[in-house]
Structures are given as structure tokens and as C-alpha cells.
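K.L.:
coordinates for the following, if possible.
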Amino acid sequence: MNYILFDDITLRPNLLPLTFTRPVSEIRIGIQTITEKWNDYLKTSISYDTQDYLQAKYPMVLSDDNIFINGAVSPNAALVEVIQNMPENTLLSQGQVLIAYRCEKHNPTVDVFKKSIVFEGEMMVLKQLTDIFINNGSEIKADFERITKGRTSQLITDRFTAFYNESQIFIEEGADTKAAVLDATNGCIYIGKDAKVSAGAMIQGPFAIGEHSVINMGGKMRPNTTIGPFCKVGGEISNSVIFGNANKGHEGFMGNAVIGEWCNWGADTNNSNLKNDYSKVDLWSYVTNKFENTGIQFAGLIMGDHSKCGINTMFNTGTVVGVNCNIFGADFQPRHIPSFSWSAGGENFKTYHLRKANQVAKAVMERRRQVFDEVEEGILKAVFELTR
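P.N.:
Okay, the predicted model is just below:
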């Protein structure tokens with residue numbers, strides 16, 4: 001069977017700016033991205049039905065028989081079983097969410113489908129940006145159970161590392177932990193291949209850190225936090241997701257935040273995640289082009305790919321930063337910073353010229369031995385044109 005993850009056109013705009021630069025299924029939540037979860041469950045390599053300007057990096061492979069799966073839906077065993085047994089020309093849904101459809105054609109008309117199935121089990125769907133950190137803890141637990149089932153963790157041999165509830169701690173090959181505290185009393189802890197947990201670091205589960213990532217000395221990792229692969233982090237991080245290839249290496253608080261790839265936080269940068277009056281948090285919507293109430297009390301920062309901020313940057317509660325922003329200045333930043341913005345102090349932003357932005361992106365990616373090629377350049381150019 002040929003499986004394709006599609007971007008739900010009703011949900012993707014709600015997940016901007018993160019989906020400016022990736023299909024919905026490439027969002028990391030829990031230990032893995034949604035794509036990686038489906039690949040694991042289905043034991044195959046899945047392709048993508050996404051925006052035209054993203055297809056060069058995330059191609060679609062069609063066959064004579066395809067099952068298209070909503071990329072905003074995280075898999076579980078019950079859902080996977082239903083999808084694998086879908087008859088031809090069938091729709092699978094739950095409420096207003098189209099979960100999957102089996103069809104030969106791409107974007108078929110409704111009259112093609114002969115049968116409709118309602119999935120009545122539980123499932124996690126990303127409908128809003130805040131769903132990422134709200135559901136991160138439960139997704140860490142689900143991923144942990146699946147990834148570690150039947151496997152043996154690397155032993156904790158450092159005599160100065162304290163650990164609690166060892167059965168809920170899994171350390172992959174090559175990971176290095178020294179003089180740290182690993183507290184899995186209230187949730188599992190997953191340490192990826194060749195990751196490093198430096199002296200004095202303290203971790204409370206549920207928590208996950210990806211391969212080759214580093215927690216610097218004294219880092220304080222609070223529950224429901226995911227650090228993606230190839231990151232360097234320090235300071236205090238709580239209920240947040242960093243997708244990968246990003247740095248928050250110094251002191252400062254990050255809470256109820258979602259950070260894209262190739263981002264960098266300057267030393268002593270902080271974001272607020274709770275308003276002084278304890279009221280519900282408003283967050284910028286790319287659908288309505290205005291602030292919308294999230295209905296939740298804790299919401300920090302959303303930051304798109306390639307955005308960076310200088311030392312001592314202060315982010316207000318419920319701030320949304322677009323793609324490729326360069327932010328600095330002594331005062332609190334605006335609660336919505338459009339893509340390709342260059343700070344000139346306060347709310348005086350200039351356009352971050354595409355040529356200069358590309359030069360920085362190229363330098364940053366080369367430091368991680370990755371290539372900023374024509375495909376990457378094309379994506380950023382498309383986002384620049386869409387958001388200018």
C-alpha cells in the first residue's frame with residue numbers, strides 16, 4: 001500500500017508560521033515528528049501532499065492505490081489498524097476531521113467514494129498552535145512506550161548521576177550523562193543517541209532529547225519538554241518543544257513555547273507564559289489576521305524557522321514570531337513579529353532582505369554540516385513573497 005500524508009487545508013493555516021516551511025506532519029510533538037510516527041507504525045516510507053513550493057523538498061509519490069492520511073493526526077494502534085483495512089474508495093473521518101481516504105486519484109471528487117467510515121476511538125489532532133505543547137507530555141509517553149518496547153536501555157554508569165524510577169528512563173547508544181539528576185517519578189525520560197547531559201543538569205519527566213543534542217551545565221529541564229536533534233540548550237525550559245537544529249544555550253526561561261528549526265536564543269532571553277492578571281492568553285492568528293483568545297492560561301512563544309534574538313530579549317505572554325526574523329532591543333517585543341522582520345528597536349521593524357537572510361541561513365546550516373541548496377533557498381523565497 002502507498003501512503004501519503006496530506007496537509008488539511010482547514011488546519012494548516014492555524015499552524016502557521018511553523019507550516020510556512022514544512023508540511024504539517026513534519027511538526028515534532030512527543031519524541032518524534034508526526035511523519036516519523038506514521039513511518040514507524042506502517043513500516044514504510046511515506047510521501048507528502050503539501051504546498052507546491054514545499055514539494056521539491058517533500059515530494060509526493062502516487063501509485064494505482066493510495067491511502068492519503070491527514071498529517072495533523074498522530075497515529076495510534078487502533079487508528080492504524082482501521083486505516084490499513086480501509087476498502088478502496090473509502091473515507092475515514094471523526095466529527096469534522098477527515099482522517100484518511102483510499103483512492104487512486106489525487107484530490108478526487110466526492111462522488112468517487114462509495115463508503116464512509118467513522119472512527120470512534122481516541123486520537124490526537126493538531127488543530128491549533130497551542131495543541132503542540134498541550135499534548136506534548138502525553139505524546140512523549142506514547143512514543144516512549146512504542147520506541148523502547150522490547151529494547152534495553154544503556155546503563156547509567158556514572159556514579160554521580162542520581163536517577164529515580166529507572167524503568168521509565170531510556171538512554172540510547174552513545175549518550176553521555178555526567179553528574180545529573182534524572183527524575184522519572186512522574187513521567188518517562190528519553191535520551192537520544194549520542195546526546196549529552198552535562199554536569200549539574202536536572203531533568204523531570206516526561207522529557208525527551210534527540211540525537212546529538214546537548215544540555216549544558218546546570219540546565220533545568222522541566223516536565224512535558226522535547227528537545228529535538230542537534231540542539232544545544234541550557235537555562236530553564238518548561239512544557240516546550242524545540243523542533244531541532246536550534247540553540248538556547250544560556251540562562252533564561254522558556255515556557256509553553258514551540259521553537260522551529262535553525263533558531264537561536266541569545267543569553268538571558270526570557271519569554272513570559274502567564275499574564276499578571278491570570279486571564280486567558282490571546283495569540284496572533286494567520287487566519288483572521290488578528291489576536292484570538294486561546295482559552296488557556298499558559299501560553300508563551302511560537303517562533304518560526306531561522307528566527308533569532310539577541311541577548312536579554314524579552315518576549316511577552318502569547319508572542320508569535322514568523323520565519324527568518326532578527327530580533328533585538330531592550331524593551332518587550334511586540335506580540336506579533338511578521339516573517340522577515342529586522343528589529344530596529346521597540347516596534348520599529350524593517351524588512352530583513354532576502355539576500356542577507358539567505359547568507360545567514362547558509363552559514364548556520366553549514367555549521368551543522370548541512371547544505372543550504374536551491375531547494376532551501378526556494379522555500380525561503382516563497383515564504384518571503386507570501387508574507388512581504
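
K.L.:
residue ranges with poor pLDDT in this protein?
P.N.:
Under the criterion pLDDT under 70, the flagged ranges of the chain are 344-347.

K.L.:
the longest strand that it contains pairs with which strands?
P.N.:
Longest strand in the chain, counting residues (DSSP state E): strand 97-103. Strand 97-103 has its sheet partners listed here by DSSP bridges as strand 66-70 (antiparallel), strand 90-94 (antiparallel).

K.L.:
most tightly packed of the ones you listed?
P.N.:
Burial of the strands paired with strand 97-103 is given as mean neighbour count (mean count of other CB atoms under 10 Å); strand 66-70 ranks first at a mean of 23. Every C-beta, even on glycine, is put in place using the N, C-alpha and C of the backbone.

K.L.:
what's the first helix or strand after that one?
P.N.:
strand 73-74 (DSSP states H and E).

K.L.:
for that next one, packing partners?
P.N.:
Packing partners of strand 73-74 (3 or more CB pairs under 8 Å, 6 or more residues apart in numbering; DSSP states H and E): helix 34-42, strand 124-125.

K.L.:
contacting residues around that strand?
P.N.:
29-30, 34, 37, 79, 97, 99, 123-126, 135, 139, 142 (CB atoms under 8 Å, 6 or more residues apart in numbering).

K.L.:
Asp282: which of those residues is nearest?
P.N.:
Closest approach to Asp282 among the contacts of strand 73-74 (CB to CB): Leu126, at 19.7 Å.

K.L.:
now do the contacts for the nearest residue to the closest one once chain neighbours are set aside.
P.N.:
Distances taken as CB to CB, 6 or more residues apart in numbering put Ala72 closest to Leu126, at 4.4 Å, once the chain neighbours are dropped. Shown in contact with Ala72 (CB under 8 Å, 6+ apart): 8, 11-12, 15, 24-25, 34, 97, 125-127.

K.L.:
circling back to that earlier point, most packed of the helices and strands packed on strand 73-74?
P.N.:
Highest mean neighbour count among the helices and strands packed on strand 73-74 (mean count of other CB under 10 Å): helix 34-42, a mean of 20.

K.L.:
got the angle for that helix vs strand 66-70?
P.N.:
Interaxial angle, helix 34-42 versus strand 66-70 (axes from the mean of the first three to the mean of the last three CA atoms, to 10 degrees): 130 degrees.

K.L.:
past helix 34-42, which element shows up next along the chain?
P.N.:
Next along the chain after helix 34-42, taking DSSP H and E as the criterion, comes strand 47-49.

K.L.:
so what's the gap between that next one and the chain middle?
P.N.:
Put simply, strand 47-49 sits 18 Å off its chain's centre (CA atoms, centre = their mean, to the nearest Å).

K.L.:
residues making contact with that strand?
P.N.:
By CB under 8 Å, 6+ apart, the list of residues contacting strand 47-49 reads 2-7, 23, 25, 35, 54-55, 58-61, 68, 71, 106.
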